[in-house]
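Chemist: Pasting the sequence and the predicted model now:
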Amino acid sequence: MALPKIVVLGAGLGGTIAAYEIADAVKGRAEVMVVSNSEDYWFVPSNPWVAVRMREPEALRVELRPVMERKKIGFTSVGAKRVHPAENRIELNDGTDVSYDWLVIATGPHLAFDEIEGFGPDANTVSICETHHAHKAADLFDRIVADPKPVVVGAAQGASCFGPAYEFAMLLDTELKKRKVRDRVPITFVTPEPYIGHLGLDGVGDTKALLESEMRDRHIKWVTNSRVKSVEPGTMHIEEVGEDGAVKKEHSLDFGLAMLMPPFRGVPAIHGIEGLVNPRGFVLIDKHQRNPAFPNVFGLGVCVAIPPTGPTPVPVGVPKTGFMIESMVTAIAHNLSDLLDGKEPSWEASWNAICLADFGDGGVAFVAQPQIPPRNTNWSSSGKWVHLAKIAFEKYFLMKVRRGESEPFYEKLALQVMGVNKLRDR
């Protein structure tokens, strides 16, 4: 008799570690398969380094097929055209189908550059959301070094990922100083956040003061409560909004390089499926990561629907960080194991957050447990040790992916990060 089939849709940070952990949890009781649109895993947290020539893309790549074969996980890189949850099947881009007994959606987001006129790497701004985007951005960074011009960095309205924007702004400052041209490159940080360091989380610890201080020290100006109207070659048009939501000032910012994190939405393969996703295309889930309308479908990572922490004058989304994603993965792996044993799902993700924002010569770290306030742990710190910790984190995580290791990691990282800081403070 054929074993039941679990399909993981997506092979980014969430999908890859989900495939490993689920395969270990259900070994011998179910078949596991991954449907990806790429042969490779890319370590996205290092993309800001790629954009300033601190890393080459190849250093962030892991070829997935050999790892999946070693772990006896099925794998295709054809990609999904459409999920048909009522039929328990995925229509692939080559016209074939993959059926499933359980589906784990871990697609990541669709980057909604088209929602703003002139926005995105195919138009007038660069991106660090994908490694090939960051590599393309590095060419423009080189041109700024050779011919200094103003830079605009930050996030667009509706964005839910802010850490990389802060990293990129500070890394630019550090790297331009090394090349002795920082004095000729004004940097402006543009964000829909109501204050610097909000991060879509209403701040963590003292991130407001830490990041404002960094920006002042580095002579980076900022505009909060901002909404991008349009981007034309060399000029970005934004509105600065007051607490009442009314426009209080308009800005036209000239630039030689501009990078804003975009708003996200669900990928086309799932967007618009009634009962499965919300109007933005994000997967609806219950406390067990399970879709209420299709109970054999689970969701994890950036593609799941999470309400904002509270109202803001300009829309600000909630980030889905690695720590949160890893806890979703663990919950799903245990719940699938329970289902195979004839039990009802009982595991819930902890949804904690840890972030190491590297600035090239220092950085800011924070730990939030849980990620959405109020919290049991609300901690942040800064120093050169964050830069060193981010380098170590990159090496360790890539090693885990290459080896196919499923052991959860972020909880240990959070404890180590807070512990190292306490020792340094003595």
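Modeler: Noted; the coordinates are in hand. Residues are numbered from 1 along each chain as shown.
Chemist: Ranking helices and strands of the protein by mean pLDDT, which lands last?
Modeler: The helix or strand of the chain with the lowest confidence, counting by mean pLDDT, DSSP states H and E, is helix 410-425 at a mean of 67.
Chemist: Now do residue 64: how many residues are near it, please.
Modeler: 24 (other Cβ atoms under 10 Å). Bear in mind the C-beta positions are built from the backbone N, C-alpha and C, glycine included.
Chemist: pLDDT weak spots in the stretch 1-150 of the chain?
Modeler: Using pLDDT under 70 as the threshold, the predicted model of the stretch 1-150 of the chain has no low-confidence range.
Chemist: One more pass at 90, please.
Modeler: When the per-residue scores of the stretch 1-150 of the chain are filtered using pLDDT under 90, the ranges that remain are 1.
Chemist: Show me where it has its helices.
Modeler: Listed from the start of the chain, the stretch 1-150 of the chain has helices (DSSP state H, counting those that start in this stretch) covering 13-25, 47-51, 64-70, 131-146.
Chemist: which stretch among these comes nearest residue 292?
Modeler: Shortest distance between residue 292 and the helices of the stretch 1-150 of the chain, using Cβ to Cβ, is found for helix 13-25: 20.2 Å.
Chemist: For that closest one, list the C-alpha coordinates in PDB.
Modeler: These are the backbone C-alpha positions of helix 13-25, laid out as PDB (Å, rounded to 0.1, in the frame of the first residue of the first chain):
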ATOM      1  CA  LEU A  13      14.200  29.400   4.400                       C
ATOM      2  CA  GLY A  14      10.800  28.000   5.600                       C
ATOM      3  CA  GLY A  15      10.200  25.400   2.900                       C
ATOM      4  CA  THR A  16      13.700  23.900   3.000                       C
ATOM      5  CA  ILE A  17      13.900  23.400   6.800                       C
ATOM      6  CA  ALA A  18      10.300  22.300   6.800                       C
ATOM      7  CA  ALA A  19      11.100  19.500   4.300                       C
ATOM      8  CA  TYR A  20      14.000  18.400   6.500                       C
ATOM      9  CA  GLU A  21      12.100  18.500   9.800                       C
ATOM     10  CA  ILE A  22       8.900  16.900   8.400                       C
ATOM     11  CA  ALA A  23      10.900  14.100   6.700                       C
ATOM     12  CA  ASP A  24      12.600  13.300  10.100                       C
ATOM     13  CA  ALA A  25       9.300  13.500  12.000                       C
END
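Chemist: distance between it and the chain's centre?
Modeler: The gap between where helix 13-25 is centred and where its chain is centred comes out at 17 Å by Cα atoms, centre = their mean, to the nearest Å.
Chemist: helices or strands up against that helix?
Modeler: Helices and strands touching helix 13-25, by 3 or more Cβ pairs under 8 Å, 6 or more residues apart in numbering; DSSP states H and E, are strand 5-9, strand 31-35, strand 102-105, helix 322-340, helix 384-403.
Chemist: Now render these as TSV, adding mean neighbour count and distance to residue 368.
Modeler: Listed next are these as TSV, based on neighbours: other Cβ atoms under 10 Å; distance: least, Cβ to Cβ, whole Å:
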stretch	mean neighbour count	distance to residue 368
strand 5-9	27	27
strand 31-35	23	30
strand 102-105	28	25
helix 322-340	24	9
helix 384-403	17	16
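Chemist: Redo these as TSV? Include distance to residue 94.
Modeler: As requested, the helices and strands packed on helix 13-25 are arranged in TSV below (distance: least, Cβ to Cβ, whole Å):
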stretch	distance to residue 94
strand 5-9	15
strand 31-35	12
strand 102-105	19
helix 322-340	27
helix 384-403	26
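Chemist: any idea of the mean pLDDT in stretch 392-401?
Modeler: Averaging pLDDT along stretch 392-401 yields 94.
Chemist: same thing with stretch 321-332?
Modeler: Here stretch 321-332 scores 94 as its mean pLDDT.
Chemist: With just CA atoms, put it into PDB.
Modeler: In PDB, the C-alpha atoms belonging to stretch 321-332 read as follows (Å, rounded to 0.1, in the frame of the first residue of the first chain):
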ATOM      1  CA  THR A 321      11.400  36.400  11.000                       C
ATOM      2  CA  GLY A 322      13.500  33.200  11.000                       C
ATOM      3  CA  PHE A 323      12.800  32.400  14.600                       C
ATOM      4  CA  MET A 324       9.100  32.700  14.000                       C
ATOM      5  CA  ILE A 325       9.300  30.600  10.800                       C
ATOM      6  CA  GLU A 326      11.300  27.900  12.500                       C
ATOM      7  CA  SER A 327       8.700  27.600  15.300                       C
ATOM      8  CA  MET A 328       6.000  27.300  12.600                       C
ATOM      9  CA  VAL A 329       8.000  24.500  11.000                       C
ATOM     10  CA  THR A 330       8.400  22.500  14.200                       C
ATOM     11  CA  ALA A 331       4.700  22.900  15.000                       C
ATOM     12  CA  ILE A 332       3.700  21.600  11.600                       C
END
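Chemist: Contacts for it, please.
Modeler: Outside of stretch 321-332, the residues within contact range by Cβ atoms under 8 Å, 6 or more residues apart in numbering are 13-14, 17-18, 21-22, 45, 104, 163, 288-289, 298, 300-302, 304, 347-355, 371, 408-411, 413-414.
Chemist: cutoff 6 Å now
Modeler: Taking contacts as Cβ atoms under 6 Å, 6 or more residues apart in numbering, the residues outside stretch 321-332 that touch it are 14, 17-18, 21, 104, 289, 298, 300-301, 347-354, 371, 408, 410.
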